[in-house]
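Peer 1: Structural data only, the sequence is not supplied:
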């Protein structure tokens, strides 16, 4: 069976539409894995770290600073960051999660269960990864896009995804290492993947408390925009128009009253 080739996506147009429809505060970025380091390093205006970082920090450099950054396993702080994106093996030592016992989990059994629950990219196929603002077009196309949004913005994005070809989305929460819920899962499965950014993402990546993260393929994001534009024509868009709590609550209770 021949693989279907995705239609080209207007990345700059996607960003403009997203900002118009959702009024996002954080730059939408792309993420791409590379089988060869040389291909990552050939990206225009790529920056390479001169110190060891977490993946959260690398992602933040693109989403908060607007940089295009490329990494290999040697640029990341440890096996956890590397393994989620397929740059280190998910071996027995990694699965044991010993470093998390007494920190995030009370027992070795709990730590192992969490490690086994993570969605990660299989090891052995890739040697490098790059992140870049989507509008730059430097990762064309990226493997996935990362959209940071408030819950109010995020539900409209999800509604847009469900406008045609409806499906119920089911996501999980692993707790710490929530990047496995977002970019780990999306890179592994190709499915839209929602997460609540964890402690590490907020501390090291600077993710604001009010933001959630959706990781999804460019074609899924383009589909969501088509749906959101249709919703907007029906008056269903972000931000939700204010009506005042008294009228909303009483209307919901079926109570009529005079002001």
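Peer 2: Yep, that arrived. Predicted model, so just to flag it, every value in this text is computed and none were measured.
Peer 1: Please count neighbours and contacts with C-alpha atoms only from this point.
Peer 2: Noted.
Peer 1: State the mean pLDDT of the biggest helix by length in the chain.
Peer 2: Ordering each helix of the chain by length in residues (DSSP state H) puts helix 218-233 first. With pLDDT averaged residue by residue, helix 218-233 scores 97.
Peer 1: Which other helices and strands does that helix contact?
Peer 2: helix 11-22, strand 144-149, helix 151-161 (3 or more Cα pairs under 8 Å, 6 or more residues apart in numbering; DSSP states H and E).
Peer 1: Between strand 144-149 and it, find me the angle.
Peer 2: 40 degrees (axes from the mean of the first three to the mean of the last three Cα atoms, to 10 degrees).
Peer 1: Run through who's touching helix 218-233.
Peer 2: The set of residues that contact helix 218-233 without belonging to it, under Cα atoms under 8 Å, 6 or more residues apart in numbering, is 6-7, 9, 11, 14, 17-18, 21, 141-145, 156-164, 192, 237.
Peer 1: For the most centrally placed residue in the chain, give me phi and psi.
Peer 2: Nearest to the mean C-alpha position of the chain, counting by Cα atoms, centre = their mean, stands residue 215 at 3.1 Å. Comment: the main-chain dihedrals of residue 215 come out as phi -110, psi 130, following degrees, to the nearest 10.
Peer 1: what's the answer for residue 213, then?
Peer 2: Taking degrees, to the nearest 10, you get phi -130, psi 130 for the backbone angles of residue 213.
Peer 1: What score does the residue lying closest to it once chain neighbours are set aside have for pLDDT?
Peer 2: Once its chain neighbours are removed from consideration, residue 213 has its nearest residue in residue 148; the separation is 4.6 Å (Cα to Cα, 6 or more residues apart in numbering). On pLDDT, residue 148 comes in at 98.
Peer 1: got the contact list for residue 148?
Peer 2: Residue 148 makes contacts with 24, 26-28, 211-214, as judged by Cα under 8 Å, 6+ apart.
Peer 1: now do 7 Å
Peer 2: Contacts for residue 148 (Cα atoms under 7 Å, 6 or more residues apart in numbering) come out as 26, 211-214.
Peer 1: mind checking how far the closest residue to residue 192 other than its chain neighbours is from residue 9?
Peer 2: In space, and not counting its chain neighbours, residue 192 is closest to residue 216: 4.3 Å by Cα to Cα, 6+ apart. Plainly put, residue 216 is 13 Å away from residue 9 if you go by Cα to Cα, to the nearest Å.
Peer 1: More neighbours: which of those two?
Peer 2: Applying other Cα atoms under 10 Å to residue 216 and residue 9 shows that residue 216 carries more neighbours, namely 25 against 14.
Peer 1: wait, that one sits on residue 194?
Peer 2: No - in this structure, residue 216 is not within contact of residue 194 by Cα atoms under 7 Å, at 8.7 Å.
Peer 1: hang on, the earlier thing: what's the most buried one of the helices and strands packed on helix 218-233?
Peer 2: Ranked by mean neighbour count under mean count of other Cα atoms under 10 Å, the helices and strands packed on helix 218-233 are led by strand 144-149, which reaches a mean of 25.
Peer 1: That one: partners in the sheet, and parallel or antiparallel?
Peer 2: The partner list of strand 144-149 in its sheet, established with DSSP bridges, is strand 29-34 (antiparallel), strand 212-216 (antiparallel).
Peer 1: Output the ones you listed in a markdown table, with distance to residue 184 appended to each entry.
Peer 2: Listed next are these as a markdown table, based on distance: least, Cα to Cα, whole Å:
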| stretch | distance to residue 184 |
| --- | --- |
| strand 29-34 | 11 |
| strand 212-216 | 9 |
